[in-house]
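Visitor: Next come a sequence and a model predicted from it.
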Amino acid sequence: MTPVLDLAGIFVFALSGALEGVRKRLDVVGMAVLAFFTAVGGGIMRDLFIGVQPAAFRDTGYLLVPVAATVIAFFWHPQVERAMPGVLVFDAAGLGLFCAVGTSKALFYGLTPMHAVFLGVCTAVGGGVIRDVLSGETPTLLYDRELYAVPAILGSTAMAMLNALDVRGFAATLSSAVLAFTFRILAMRYGWRAPLARGISGPE
Amino acid sequence: MTPVLDLAGIFVFALSGALEGVRKRLDVVGMAVLAFFTAVGGGIMRDLFIGVQPAAFRDTGYLLVPVAATVIAFFWHPQVERAMPGVLVFDAAGLGLFCAVGTSKALFYGLTPMHAVFLGVCTAVGGGVIRDVLSGETPTLLYDRELYAVPAILGSTAMAMLNALDVRGFAATLSSAVLAFTFRILAMRYGWRAPLARGISGPE
Amino acid sequence: MTPVLDLAGIFVFALSGALEGVRKRLDVVGMAVLAFFTAVGGGIMRDLFIGVQPAAFRDTGYLLVPVAATVIAFFWHPQVERAMPGVLVFDAAGLGLFCAVGTSKALFYGLTPMHAVFLGVCTAVGGGVIRDVLSGETPTLLYDRELYAVPAILGSTAMAMLNALDVRGFAATLSSAVLAFTFRILAMRYGWRAPLARGISGPE
């Protein structure tokens, strides 16, 4: 079950990367690069930080799914853009899934719970940061005040706590992912914002 | 033979990095940083993705050649700039060589042919992407529509196919590199372009 | 002794990252990301290039210290900014310490002296480069002509030479760090500049 969910998460993230490529008028190579690194960049970071070979270079699904997302965005980007509010829901699901899976993998390799939470968050948000750096922008994660890292911190922490209580496997992954997903959806719905340093007002 | 070719490829890439530093009016430290990462950044990416220590940190040639290129660009950049059309031919040769060598190394470490092709392309184009990100620009690879990744895909695929047919070593490397090189030169000569997503027109 | 100094160096670098976040009006997530990668990004690069798991993902101090720096910058950034000339002295101390420690670690893992010097410099200056790339700027290291990499090269070279003479441990680290620190302070005091390529004048 998890591998299918995993590839679904990768597909949604890859699609958002490829669409960013279309918006920036990149060529098809640029679209594919953004699709790939948005989708698997966070997992690559996690695996390098754990000290193992990135999973993305073992499993062909991690290459084929971004290619498929690029093809879809290439031909049908207006349709996908119009479906974007729906895509944001899938993106939130990918966020939840990735933070849970990332935390779990780090714990499996013996990292401390605190590092596992950190790497869970990296898995979930790292790809978007790489996408923004590659497309020549300050990562939105750093300034846009949307609660995007915060739900991932919540989901990763839940995963690490469940693991400490010996709750593992699909049940732990699913409940942590649902927690992060729900919080993310609520944050979008109600416009919750991350704080700025005391006395500072926002960029605009 | 291959090590000499390899250092020649590194020299040409390092020179292009150092010249980019001159154009951006970077100081000598900036020139050296761009020279180094343009030349060996792709190989470092490949090795990290394979899960082995980057070769650049074993062999002193990988450090000395970028230093030499920096010194040359520091004193004689006007002369090198004037020779640039010639340098583009060497760059195409480096592109061909790096994609073949990168694919071969990934296959040697047991990656799938598809991943080996991907890492061959990373080896060839990754340094230029790092150079652009470090010098504060969107990587030209992503938007400029020049066929740069495409010849590398071609050469890497040829290398992986020859490997599957048990053709290895110098003959395989040379023929794959020549294929990528030739295609790159033809693409420059005839102005072949990578496509944009359907219905999108270019940046300018 | 060294671990305490190490965490002190990380604290100063993290503080400079978090303050950069305040100056750019990033939110608290952005401040924390810059604090973390400014402080430990150079060490992460070094460890990936050596081929070992980054130390930052073993020791919880490497996570907690950047969090503490973020909290301090969040509430008291005006006070810290006013103390900045003092912070620059601590930053120079961190630079000296990091280049010595980084060189030492690379030598311990059997890298050549030349590579160890390179990785010592990476440890010292890499975090600042990552901070600048993430906050959407050309790394100041590349163009600002301040002698920042040069003191690190000096300290790292001293460390490698002492190691070749069988002088190791705290004495070697301290004397190399003091050398880099002193040179950095003198460079700031007297406005020493890195050269531009022959015939090029600076950006402004």
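Guide: That came through, no problem.
Visitor: And the longest helix belonging to chain A, what does it pack against?
Guide: When chain A is parsed with DSSP state H, its longest helix is helix A:84-108. Counting contacts by 3 or more Cβ pairs under 8 Å, 6 or more residues apart in numbering or on different chains; DSSP states H and E, helix A:84-108 packs against helix A:2-23, helix A:28-50, helix A:113-134, helix A:149-164, helix A:169-190. Glycine gets a C-beta too; all of them are placed from N, C-alpha and C.
Visitor: who wins for proximity to C:Phe108 among the ones you listed?
Guide: Counting by Cβ to Cβ, C:Phe108 lies closest to helix A:28-50 out of these; the figure is 20.7 Å.
Visitor: List the buried residues for the worst-scoring helix or strand of chain A on mean pLDDT?
Guide: Least confident helix or strand, chain A: helix A:2-23 with a mean of 89, by mean pLDDT, DSSP states H and E. Of the residues in helix A:2-23, A:5-7, A:9-22 count as buried by neighbour count, 16 or more other Cβ atoms under 10 Å in any protein chain shown.
Visitor: just to revisit the earlier point, out of the helices and strands packed on helix A:84-108, the one nearest C:Lys105 is which?
Guide: Evaluated with Cβ to Cβ, the helices and strands packed on helix A:84-108 place helix A:28-50 nearest to C:Lys105, the distance being 17.1 Å.
Visitor: on contacts alone, who are the packing partners of that closest one?
Guide: Using 3+ Cβ pairs under 8 Å, 6+ apart: helix A:28-50 touches helix A:2-23, helix A:61-82, helix A:84-108, helix A:113-134, helix B:140-143.
Visitor: Looking at those, which one is packed in the most?
Guide: Ranked by mean neighbour count, those are led by helix A:113-134 with a mean of 25 (mean count of other Cβ atoms under 10 Å in any protein chain shown).
Visitor: how long is stretch A:105-117 from one end to the other?
Guide: Stretch A:105-117 has an end-to-end distance of 10 Å (Cα to Cα, to the nearest Å).
Visitor: Now that stretch: average pLDDT?
Guide: For stretch A:105-117, mean pLDDT rounds to 97.
Visitor: For chain A, list the residues in contact with chain B, please.
Guide: A:21-22, A:24-31, A:33-34, A:44, A:48, A:52-54, A:56-58, A:60, A:63-64, A:73-75, A:77-78, A:133-136 (Cβ under 8 Å from any Cβ of the partner chain).
Visitor: 6 Å instead, please
Guide: Taking Cβ under 6 Å from any Cβ of the partner chain as the contact definition, chain A meets chain B at A:22, A:25-30, A:33, A:53-54, A:57, A:60, A:63, A:74-75, A:77, A:136.
Visitor: separation between the residue sitting nearest the centre point of chain A and chain C?
Guide: Taking Cα atoms, centre = their mean as the criterion, A:Ala124 is the residue nearest the geometric centre of chain A, at 3.3 Å. Between A:Ala124 and chain C the computed distance is 12 Å (Cβ to the nearest Cβ, to the nearest Å).
Visitor: again, but for A:Leu7
Guide: For A:Leu7 relative to chain C (Cβ to the nearest Cβ), the value is 26 Å.
Visitor: That residue and chain B: what is the separation?
Guide: 16 Å.
Visitor: need the contact list for that residue.
Guide: Counting by Cβ atoms under 6 Å, 6 or more residues apart in numbering or on different chains, A:Leu7 makes contact with A:Gly61, A:Val65.
Visitor: Counting neighbours, what do you get for A:Thr112?
Guide: 16 (other Cβ atoms under 10 Å in any protein chain shown).
Visitor: residues from chain A in reach of chain C?
Guide: Residues of chain A lying near chain C (Cβ under 6 Å from any Cβ): A:49, A:51, A:112, A:114-115, A:138, A:142-143, A:145, A:149, A:194-198, A:200, A:203.
Visitor: Buried among these? Make that a ChimeraX selection.
Guide: Applying 16+ other Cβ under 10 Å to the residues of chain A next to chain C, the buried members can be selected in ChimeraX as follows:
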select /A:49,51,112,115,138,142,143,145,149,194,196,197,200
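Visitor: Surely A:Gly155 touches A:Leu179?
Guide: Yes. Between A:Gly155 and A:Leu179 there is a contact under Cβ atoms under 6 Å: 5.4 Å.
Visitor: Settle it for me: which of these two has more neighbours?
Guide: Counted by other Cβ under 10 Å, A:Gly155 and A:Leu179 do not tie: A:Gly155 has more neighbours, with 33 against 20.
Visitor: so what pLDDT did the more buried one get?
Guide: Reading off the model, A:Gly155 has pLDDT 98.
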